[in-house]
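# Build me a model from this:
(chains A and B)
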Number of protein chains: 2
Amino acid sequence: MNNIKQIKEKDILPYLVMKPIIKIMEDVFQNPDKGQMPPKIYLELDGENDFRAMPARFGNAVGIKWASIFPNNEKNKFGPSVSAVIMLNDIDTGYPIAMMDGMLITSYRTAAVTGVATKYLSKKDSTVAAFVGCGFQTEYQIEAILNVRDIKHIKLFDLDQAKCDHLVAIFGGNITVCETLEDCVCGSDILTTLTPSRKPFIKSEWLKPGIHINAIGADAEGKQEFEDNLGNICNICVVDDKAQAFHSGESQHTENRDNFINLSEVVNPDFNRLDSDISLFDSTGLAIEDIAVASYIYNDLKK
Amino acid sequence: MNNIKQIKEKDILPYLVMKPIIKIMEDVFQNPDKGQMPPKIYLELDGENDFRAMPARFGNAVGIKWASIFPNNEKNKFGPSVSAVIMLNDIDTGYPIAMMDGMLITSYRTAAVTGVATKYLSKKDSTVAAFVGCGFQTEYQIEAILNVRDIKHIKLFDLDQAKCDHLVAIFGGNITVCETLEDCVCGSDILTTLTPSRKPFIKSEWLKPGIHINAIGADAEGKQEFEDNLGNICNICVVDDKAQAFHSGESQHTENRDNFINLSEVVNPDFNRLDSDISLFDSTGLAIEDIAVASYIYNDLKK
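A predicted model of the protein is given here:
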């Protein structure tokens, strides 16, 4: 254990650049046979708090993310609701080799996967991107989508106006803070939802042909942003991982999932959509994404 | 993450004393309602190598052990077959607070649980203790049993004579290295098996009324030391955790497990055995044991 390298945040920061991380995530989903990932396990404490153990392997990278979700931390003035540590191990001996904070890596890899899904699933001429829920993660999601589509107009909605203002300050330009949820959703080419909601609030009637949806918010049992029939509304239904998305993602609320496919089946140049399609990407976040990014940073630092 | 305390091996060593750790394990099994432990998950690589994620809570202690088992490390001259890191988190915020090597803690807590089981399950006047398999773990197992019973005679068996000699050098006195497996098993009051066997090799006919068995070796699917009918031979059948033992322990090879009970049901002064009983303790090793010991060390170091 004396040989475990502790990688500090200052050493991670230079690697947190969206374009290369999108490339790594594309590689992960283009090579599903290089990956291994048992279902994550939850240790649920009293109330809403839980821990998640997320082991995975991708190629020669292997390790675990150990994360905590304590939703009331902010209210209790403890600090962020989430914490995460990533541990990497040697593929030949099993020995631990490095550990690092997993918070920023999680944010970047989550957004980068949205970028990958949007690149392959949204209309190529998409220009209007809407974001519902403007918390910590949304900045990265906007950055990812700007990386893969020539967006002319960003629309935001959040119950907390200050959170929207923060994003306007960052991105400026053609950005609109919408007065109603419906205004935000309707007319967008790409809709990305990022709320911790446990009740549906986005109406199916707002989802018009041509739209691509990134459903990011739902990542645990009971979470839900869209009405129950989302799987029927969308004719292209993609998840990051079936087992996990059907358990924890937005897809948990759709009964008929026969036509759902994994992102790995879509991430190739031959995939095509019609302008009239409605596509869904249901993202729950995979351990394999964390391990791939953490390993990329570790290996580059070794050089 | 900059606040995660790295506890070094030299700081752990003073705490690795069998008597207090037996007391902590007794406390764990006497208070099952203070514990929470989802089933451990395995990340199985090619061949025999695997990783295990073991999260748990005991009282205010919460965290995870992340262990690797690479059986060929020794043959390949890489080093030990096993590695383990324990991470502790704050119960109020979820944030990681400490990490430490988990190898020696694992050895001590495993042996200490054998000590607890032997204290409550074996005949009080047991004097002969046999150990089959004399690898790294056996030294601690002997120490644990010497802590709870007035042992006059220790018998050892291993295919590798050098491993037995090592233990004779440590414990000296009334210790016999047996020439045959049968010699070792027969006539013992307490039999502790510690091999990585995947085939039964201890015959049921050798197990006489009065014996207490600690079956430690089997801790993964496919592992087996005793013949299939062990559950019928023993009339007191105890496991550390039913779900885990029935999946990974010696008990996986017994069909009828209706009369199997958890160690927590036995660890009280009212429990009694007859001199004619044959008792079994099937130990697979619980995450909760690791977290309880790691937290004890962390909290004491803070004082």
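# Which residue would be the closest one in the stretch 201-303 of chain A to chain B?
Closest contact between the stretch 201-303 of chain A and chain B, by CB to the nearest CB, is at A:Ala287 (9.2 Å). All C-beta spots, glycine's among them, are computed from the backbone N, C-alpha and C.
# can you pull the contacts of that residue?
A:37, A:40, A:54-56, A:64-65 (CB atoms under 8 Å, 6 or more residues apart in numbering or on different chains).
# Now with 6 Å, please.
Going by CB atoms under 6 Å, 6 or more residues apart in numbering or on different chains, A:Ala287 touches A:37, A:54, A:56, A:65.
# List the ones among these that fall in strands.
Judged by DSSP state E, the contacts of A:Ala287 include A:54, A:56, A:65 as members of strands.
# Name the residues linked to the last one by a beta bridge.
Spelled out, that is A:Lys65. A:Lys65 has these beta-bridge partners by DSSP bridges: A:Met54, A:Ile86.
# residue contacts, it?
Applying CB under 6 Å, 6+ apart to A:Lys65 gives the contacts A:54, A:84, A:86, A:102, A:287, A:290.
# okay, now the second one: neighbour count?
A count of neighbours around A:Ala84, defined by other CB atoms under 10 Å in any protein chain shown, yields 23.
# Kindly confirm my reading that it forms part of a strand.
Yes - per DSSP: H, G, I helix; E, B strand; the rest coil, A:Ala84 lies within a strand segment.
# Next, work out how far apart the nearest residue to it once chain neighbours are set aside and B:Gln224 are.
Nearest residue to A:Ala84, sequence neighbours excluded (CB to CB, 6 or more residues apart in numbering or on different chains): A:Gly102, at 3.2 Å. Distance of A:Gly102 to B:Gln224, computed by CB to CB, to the nearest Å: 39 Å.
# And for A:Gly94?
Counting by CB to CB, the gap from A:Gly94 to B:Gln224 is 24 Å.
# Likewise for A:Ala61?
With distances taken as CB to CB, A:Ala61 is found 34 Å from B:Gln224.
# Enumerate the residues of the stretch 101-250 of chain A near chain B.
For the stretch 101-250 of chain A, the contact set with chain B under CB under 6 Å from any CB of the partner chain comprises A:Asp101.
# for A:Phe226, phi and psi?
Main-chain dihedrals, A:Phe226, degrees, to the nearest 10: phi -110, psi 160.
# I'd assumed A:Ile202 was in contact with it.
Yes - counting by CB atoms under 6 Å, A:Ile202 is a contact partner of A:Phe226 at 5.0 Å.
# More neighbours: the two, which one.
A direct count of neighbours by other CB under 10 Å for A:Phe226 and A:Ile202 places A:Phe226 higher, at 28 against 24.
# And that one, what's its pLDDT?
Model confidence at A:Phe226, expressed as pLDDT, equals 96.
# all helices of the stretch 1-150 of chain A, in order?
For the stretch 1-150 of chain A, helices defined by DSSP state H, counting those that start in this stretch occupy the ranges A:9-12, A:18-30, A:103-121, A:138-148.
# which of those sits most buried?
Ranked by average neighbour count under the criterion mean count of other CB atoms under 10 Å in any protein chain shown, these are headed by helix A:103-121 at a mean of 24.
# which secondary structure elements does that helix contact?
Contact here means 3 or more CB pairs under 6 Å, 6 or more residues apart in numbering or on different chains; DSSP states H and E; on that basis helix A:103-121 packs against helix A:18-30, helix A:138-148, strand A:279-282, helix A:287-302.
# which strands and helices sit next to the third one?
What that stands for is strand A:279-282. Applying 3+ CB pairs under 6 Å, 6+ apart, we find strand A:279-282 packed against helix A:103-121, strand A:212-215, strand A:236-239.
# Paired strands for it, with orientation please.
Looking at strand A:279-282 with DSSP bridges, its partner strands are strand A:212-215 (parallel), strand A:236-239 (parallel).
# Most tightly packed of these?
Greatest average neighbour count among those goes to strand A:212-215 (a mean of 29), per mean count of other CB under 10 Å.
# shaky segments in chain A?
A:1-2 (pLDDT under 70).
# give me every residue that touches the nearest residue to A:Ala67 once chain neighbours are set aside.
In this structure, A:Ala67 finds its nearest non-sequential neighbour in A:Ala84, 4.0 Å apart by CB to CB, 6+ apart. Neighbouring residues of A:Ala84 by CB under 6 Å, 6+ apart: A:65, A:67, A:102-103, A:106.
# So of the residues you listed, which two are at opposite extremes in space?
A:Lys65 and A:Met103 (10.3 Å; CB to CB).
# before we move on, back to that, list just the one of the helices of the stretch 1-150 of chain A that sits closest to B:Ala111.
Nearest of those to B:Ala111, taken as CB to CB: helix A:103-121 at 37.7 Å.
# pretty sure A:Ile105 is touching A:Ser295, no?
No - A:Ile105 is beyond contact range of A:Ser295, at 10.6 Å (criterion: CB under 6 Å).
# Centre-most residue in chain A?
Closest to where the C-alpha atoms of chain A average out (CA atoms, centre = their mean) is A:Thr110, at 3.2 Å.
# Let me know the distance separating that one from A:Trp206.
According to CB to CB, A:Thr110 and A:Trp206 sit 24 Å apart.
# For A:Ala130, list the residues it contacts.
Neighbour list for A:Ala130: A:155, A:184-185, A:188, A:191 [criterion: CB under 6 Å, 6+ apart].
# With A:Lys34 instead?
Going by CB under 6 Å, 6+ apart, A:Lys34 touches A:58-59.
# Repeat the analysis, applying 10 Å as the threshold.
A:27-28, A:57-61, A:288, A:292 (CB atoms under 10 Å, 6 or more residues apart in numbering or on different chains).
# ok, now A:Asp50?
Going by CB under 10 Å, 6+ apart, A:Asp50 touches A:42-44, A:67-71, A:220, B:94.
# partner residues bridging it?
Going by DSSP bridges, A:Asp50 is paired in beta bridges with A:Glu44, A:Ile69.
# roughly how far apart are it and A:Lys208?
Counting by CB to CB - A:Asp50 and A:Lys208 are separated by 37 Å.
# Also A:Ala98?
Distance, A:Ala98 to A:Lys208, using CB to CB: 47 Å.
# quick one: which of the two has more around it?
Legend: neighbour count by other CB under 10 Å for A:Ala98 and A:Lys208, higher for A:Ala98 (22 against 13).
# Confirm for me that the more buried one is in contact with A:Val62.
No - with contact defined as CB atoms under 10 Å, A:Ala98 does not reach A:Val62; the gap is 11.5 Å.
# which neighbours do these two share?
Common neighbours of A:Ala98 and A:Val62, counting by CB under 10 Å, 6+ apart, are A:87-90, A:295.
# so which of the residues you listed also contact chain B?
The subset of the shared contacts of A:Ala98 and A:Val62 within reach of chain B, by CB under 10 Å from any CB of the partner chain, is A:87, A:89-90.
# Top of those residues by number of neighbours, please.
Of those, A:Asn89 is surrounded by the most neighbours, 27 neighbours in total, counting by other CB under 10 Å.
# doesn't B:Ser68 make contact with that one?
Yes - A:Asn89 is in contact with B:Ser68 according to CB under 10 Å; the separation is 6.1 Å.
# Now the common contact residues for these two.
In contact with both A:Asn89 and B:Ser68: A:62, A:95-96, B:43, B:51, B:83, B:85, using CB under 10 Å, 6+ apart.
# Kindly indicate which of these lies nearest A:Ile278.
Proximity of the shared contacts of A:Asn89 and B:Ser68 to A:Ile278 (CB to CB) peaks at B:Leu43, which lies at 36.4 Å.
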